[in-house]
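Asks: Dropping a prediction and its sequence here:
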Amino acid sequence: MEQVIIIKDVKKIYQVGFQEVNALAGLNLTINKNEFVAIMGPSGSGKSTLMNIIGCLDTPSHGEYWLNGNDVSQLQDEALAAIRNKEIGFIFQTFNLLSRYNAIENVAVPLIYAGINRPERIEMAKAALTQVGLHDRMDHKPNEMSGGQRQRVAIARALVNTPSIILADEPTGNLDSKTSVEIMRLLGDLHRKGNTIVLVTHEEEIALNAKRIVRLRDGIIEIDEVVDRYNKVKNLT
């Protein structure tokens with residue numbers, strides 16, 4: 001299988017006053033193309049740190065991180081930003097939409113940084129919005145949409161650049177139960193269409209929508225397990 005994410009002996013050390021905090025303590029993880037993986041862990045487990053490294057928002061203190069064949073472990077900020085825009089589609093708990101822009105304009109934002117001309121940006125944004133079921137809400141601004149519709153706009157924005165991975169950080173955290181089910185069903189559909197999805201969540205019920213759950217504790221992987229169609233799990237470690 002083609003490996004999209006390879007993390008080798010990654011450590012992340014933060015200096016807090018005179019004390020060193022080991023957020024990640026020699027973590028190893030491989031995620032293949034078209035996997036749907038949930039990352040879980042209690043507060044202080046290293047979950048957010050791992051998400052930031054996977055998303056090229058931070059770099060390891062030690063070890064290697066390979067993303068789609070590129071060693072991004074020691075890249076500087078400008079190079080990391082270029083990798084992020086090309087390789088990663090982000091979905092956030094708080095949607096992170098621009099209030100003055102309509103859905104098309106919000107979805108097209110990553111394409112501006114990619115240097116794509118406006119007519120092509122508009123067509124690509126429309127296609128992405130259609131893919132998430134918002135063909136009839138393209139001209140609406142965020143404050144004219146429900147929470148679920150706003151998250152669909154955010155998902156379309158994550159898809160528009162055809163990234164190597166979709167990184168979803170607590171994507172249902174601001175949604176009610178019914179809307180959460182709809183959003184997770186959409187992510188499941190995107191996975192079945194070939195997208196690689198990494199989901200960070202603290203909710204067991206949400207994690208069970210993935211095909212694999214990686215559980216962290218004290219900066220390392222405690223359990224790596226497969227989710228079967230009956231929502232049972234099989235430990236891989």
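Replies: Alright, I've got the coordinates.
Asks: Determine whether the claim that residue 106 is in a helix is correct.
Replies: Yes: membership of residue 106 in a helix is supported by DSSP: H, G, I helix; E, B strand; the rest coil.
Asks: quick one: contacts for it?
Replies: Residue 106 sits next to 97-98, 142, 153, 157 when contact means CB atoms under 8 Å, 6 or more residues apart in numbering. (Each C-beta comes from the backbone N, C-alpha and C, glycine too.)
Asks: In three-state terms, how would residue 122 be classified?
Replies: The three-state label given to residue 122 by three-state DSSP is helix.
Asks: neighbours of it, just the number please.
Replies: Using other CB atoms under 10 Å, the number of residues around residue 122 comes to 17.
Asks: Please apply the same query to residue 24.
Replies: 25.
Asks: hang on, isn't it packed against residue 7?
Replies: No: assessed by CB atoms under 8 Å, residue 24 is found out of contact with residue 7, at 9.0 Å.
Asks: Give me the common contacts of those two.
Replies: Common contacts of residue 24 and residue 7, defined by CB under 8 Å, 6+ apart, comprise residue 53.
Asks: ok so, going back, okay, and which of the contacts of residue 106 map to helices?
Replies: When the contacts of residue 106 are checked against helices (DSSP state H), the matches are 153, 157.
Asks: quick check, nearest of the contacts of residue 106 to residue 11?
Replies: Using CB to CB, residue 157 is the member of those that sits closest to residue 11, with 32.3 Å.
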